[in-house]
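S.K.: structure, please.
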Amino acid sequence: MNFIKKLNKKKLFFIFPLIFYHKINVKFTLYILALLLITLSGTYVITLEIMKRQISTSIFRRADSLCRSIASAAGHHLIPRDILSLDNMVYRIKMANPDITSIAIIDNEGEIIVHSDSEKIGEKIFDFNASSSELGQKNNPSGQNSKGISKKNLVVENPIDFMGERLGLVLLEIDWSALLSAQAQARKNILLLFTLITLFGLVGSLFLSNQLTRPVRELARGVEEMKRLGKTQALKIYSMDELGRLTASFNEMASLVIDQREKLASYAHEIEQAYVATIKILAAAIEARDPYTLGHSTRVAELAVALGKEAGLSHEEIELIEIACLFHDVGKIRIPDSILHKQGHLEPQEIQEMKKHPEYGAEILSKAPCLYKYIPAVRHHHEWYNGRGYPDRLSRNEIPLSAAIIALADSFDAMTSDRPYRQALSPEEALDVIAKYSGQQFHPELASLFIKIIKKRSQIKLLGEKSWGSQ
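M.R.: From the prediction side, this is the model:
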């Protein structure tokens, strides 16, 4: 379990930056920061190398200058073998320069005659016999004064010449840690400076990226609003460059699109109203064919709207149900008059033909695309909750809610209206039938709400009659 949690944390660690990476201002900032870091890194390396060379050259020149000075003075003291003066000079120079590790004056025999460390006086450095000129050439064949640089010390040598005669050598050794210390301090200062530059560059890149990408983000917001809401407010124009002109063009385009969309919506609404009016005329014509069904669709619409409101449907859903009620029997226009106006009960074949009117109605509505939304309610308003209805034998939640509502209103109005083959039932009797078939033919919850609505209406009607009588 802990492993899974750690894995999820790792995933979040990698996914979280990727989410922000999709933002253009973040990308811009990262590009600028990467370029800045690359530039600073290269500058840092180059600066350190230049600094190292300068410090090394400075220390070497100082050591070489001291070594030359000692060699020049030592020549005057070696002829008379004034060792005491040489020792005094070496001591003073050593004390005046703490970074000097040692100073040695060596004769042509390779013997140390003067040393800053008195214990080393008399030691042999060269183990061979050579003339002064040969010794000088062997130790300094190129004429350079540097003998070598170790990891810890810098060693500089200079020959002691007097009147053209080689008298010996001066070896001066300087502690190399001074150079390393200077380099470390310089690196620290440069690193601090570059860190400040990086932070300043980060803040500057964030500000710059925000300024440069603001028009792009404004355009993205406008496009998103157009896609999601179908309209957008005029976008702000932050500059008069290419992005500013693009934003202005987008505002003009959006205004044109919204205007055209509103016109198209208006035209579509007018066309839909024309189709609705046509269907209403057809429904009225059908009802006019049969005096027993005159006003049936209007009454069904009134009851269905009341039930829809009680069920908490939205205004759009209630409006759809109201218009669908006016269409629900439009398919009867294809039913022959011999069946539609027959006095008495219908034959089995005639019943089957009558049961096709929901399909006929759906087929008529399918001729106009703007009326497609009413087809489910019209086609399925004779489906039963238990699946024994027609035409598709849908059951329970398979039946569209609009169709289930129309089924209750249609059945109640049919039961409370006179028919050629029977007398109308009273509202109370019709409600008993609905209660009896609740959960079988009718949606149980809708049936309960419908009964509640009709009883409430009956109570209001009775109260109205009593109030009228008391007057």
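S.K.: and for this protein, the residue most distant from the center?
M.R.: Largest separation from the mean C-alpha position in the chain: residue 80, at 89.7 Å (CA atoms, centre = their mean).
S.K.: residue 104 against residue 118, yeah?
M.R.: No - with contact defined as CB atoms under 8 Å, residue 104 does not reach residue 118; the gap is 11.4 Å. Placement of C-beta: from N, CA and C, glycine included.
S.K.: the two - which one has more neighbours?
M.R.: Between residue 104 and residue 118, counting by other CB atoms under 10 Å, residue 104 is the more crowded of the two (24 against 10).
S.K.: got the phi and psi for that one?
M.R.: phi -130, psi 140 (degrees, to the nearest 10).
S.K.: again with the one 3 residues further on
M.R.: Phi and psi for residue 107, reported as degrees, to the nearest 10, are phi -80, psi -180.
S.K.: let me see the contact set for it.
M.R.: Applying CB atoms under 8 Å, 6 or more residues apart in numbering to residue 107 gives the contacts 78, 113, 167, 168.
S.K.: on that earlier part again, can you read off the backbone torsions of the residue farthest from the centre of the chain?
M.R.: The phi/psi pair for residue 80 (degrees, to the nearest 10) is phi -90, psi 0.
S.K.: equivalent analysis for residue 437, please.
M.R.: Backbone phi and psi, for residue 437 under degrees, to the nearest 10, turn out to be phi -100, psi 10.
S.K.: how about residue 303?
M.R.: Taking degrees, to the nearest 10, you get phi -70, psi -40 for the backbone angles of residue 303.
S.K.: circling back: helices - which of the contacts of residue 107 land there?
M.R.: Members of the contacts of residue 107 lying in helices (criterion: DSSP state H): residue 78.
S.K.: could you export the contacts of residue 107 as JSON lines, including distance to residue 89?
M.R.: Shown next, in JSON lines, are the contacts of residue 107 (distance: CB to CB, whole Å):
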{"residue": "78", "distance to residue 89": "12"}
{"residue": "113", "distance to residue 89": "13"}
{"residue": "167", "distance to residue 89": "15"}
{"residue": "168", "distance to residue 89": "14"}
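S.K.: most widely separated two among the contacts of residue 107?
M.R.: 113 and 167 (10.2 Å; CB to CB).
S.K.: quick one, which of those two is more surrounded?
M.R.: Legend: neighbour count by other CB under 10 Å for residue 113 and residue 167, higher for residue 167 (21 against 18).
S.K.: now do residue 382, the pLDDT please.
M.R.: According to the prediction, residue 382 has pLDDT 92.
S.K.: got the contact list for it?
M.R.: Here residue 382 is in contact with 355, 358, 389, 390, 391, 407 (CB under 8 Å, 6+ apart).
S.K.: make it 10 Å
M.R.: Residue 382 sits next to 328, 355, 357-358, 389-392, 403, 406-407, 410-411, 441 when contact means CB atoms under 10 Å, 6 or more residues apart in numbering.
S.K.: quick one on the thing from earlier: quick check, nearest of the contacts of residue 107 to residue 221?
M.R.: Distance to residue 221, by CB to CB, is smallest for residue 168 among the contacts of residue 107, at 86.8 Å.
S.K.: gap between the closest one and residue 157?
M.R.: 10 Å (CB to CB, to the nearest Å).
S.K.: was I right about residue 448 contacting residue 434?
M.R.: Yes - here residue 448 reaches residue 434: they are 9.5 Å apart, a contact under CB atoms under 10 Å.
S.K.: excluding chain neighbours, give the residue nearest to residue 206 in space.
M.R.: Distances taken as CB to CB, 6 or more residues apart in numbering put residue 29 closest to residue 206, at 5.5 Å, once the chain neighbours are dropped.
S.K.: still on that earlier bit, in TSV, list the contacts of residue 107 along with pLDDT and distance to residue 343.
M.R.: Compiled in TSV, the contacts of residue 107 are given as follows (pLDDT from 0 to 100; distance: CB to CB, whole Å):
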residue	pLDDT	distance to residue 343
78	82	156
113	87	153
167	86	154
168	87	151
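S.K.: mind checking which of the contacts of residue 107 land in strands?
M.R.: Per DSSP state E, strands hold the following members of these: 113, 167, 168.
S.K.: that older thread, tell me, how many neighbours does the residue nearest to residue 206 end up with?
M.R.: Neighbours around residue 29, by other CB under 10 Å: 21.
S.K.: so it sits in a helix?
M.R.: Yes - if the criterion is DSSP: H, G, I helix; E, B strand; the rest coil, then residue 29 is within a helix.
S.K.: re the thing from before, which residues are common contacts for residue 113 and residue 167?
M.R.: Residues touching both residue 113 and residue 167 (CB under 10 Å, 6+ apart) are 74, 78, 105, 106, 107.
S.K.: tabulate those (TSV), appending distance to residue 303.
M.R.: Formatted as TSV, the shared contacts of residue 113 and residue 167 follow (distance: CB to CB, whole Å):
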residue	distance to residue 303
74	129
78	134
105	127
106	127
107	133
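S.K.: one step back: OK, contacts around the residue farthest from the centre of the chain?
M.R.: Under the criterion of CB under 10 Å, 6+ apart, residue 80 has no neighbours.
S.K.: lowest-confidence one in the contacts of residue 382?
M.R.: pLDDT across those is lowest for residue 328, at 84.
S.K.: give me the phi and psi angles of residue 160.
M.R.: Per degrees, to the nearest 10, the backbone of residue 160 is at phi -100, psi 110.
S.K.: isn't it right next to residue 69, touching?
M.R.: No - if you go by CB under 10 Å, residue 160 and residue 69 don't touch, sitting 11.8 Å apart.
S.K.: neighbour count: these two, which is higher?
M.R.: More crowded of residue 160 and residue 69, by other CB under 10 Å: residue 160, with 25 against 15.
S.K.: hey, what's that one bridged with?
M.R.: For residue 160, the beta-bridge partners are residue 168 (DSSP bridges).
S.K.: and the pLDDT at it?
M.R.: 87.
S.K.: quick check: the gap between residue 115 and residue 70.
M.R.: Between residue 115 and residue 70 the distance is 12 Å, computed by CB to CB.
S.K.: looking at those two, which is more packed in?
M.R.: A side-by-side neighbour count of residue 115 and residue 70, using other CB under 10 Å, places residue 70 first with 23 against 20.
S.K.: could you measure from the closest residue to that one other than its chain neighbours over to residue 314?
M.R.: Counting by CB to CB, 6+ apart, residue 170 is the residue found nearest to residue 70 once chain neighbours are left out, at 4.9 Å. For residue 170, the distance to residue 314 (CB to CB) stands at 105 Å.
S.K.: quick check on those two: which one has the bigger neighbour count.
M.R.: Each of residue 170 and residue 314 has its neighbours counted (other CB under 10 Å); residue 170 has more, 26 against 9.
S.K.: doesn't that one belong to a strand?
M.R.: Yes - according to three-state DSSP, residue 170 belongs to a strand.
S.K.: tell me the confidence at it?
M.R.: 90.
S.K.: what segments of this structure are strands?
M.R.: 100-107, 112-115, 146-149, 153-162, 165-175.
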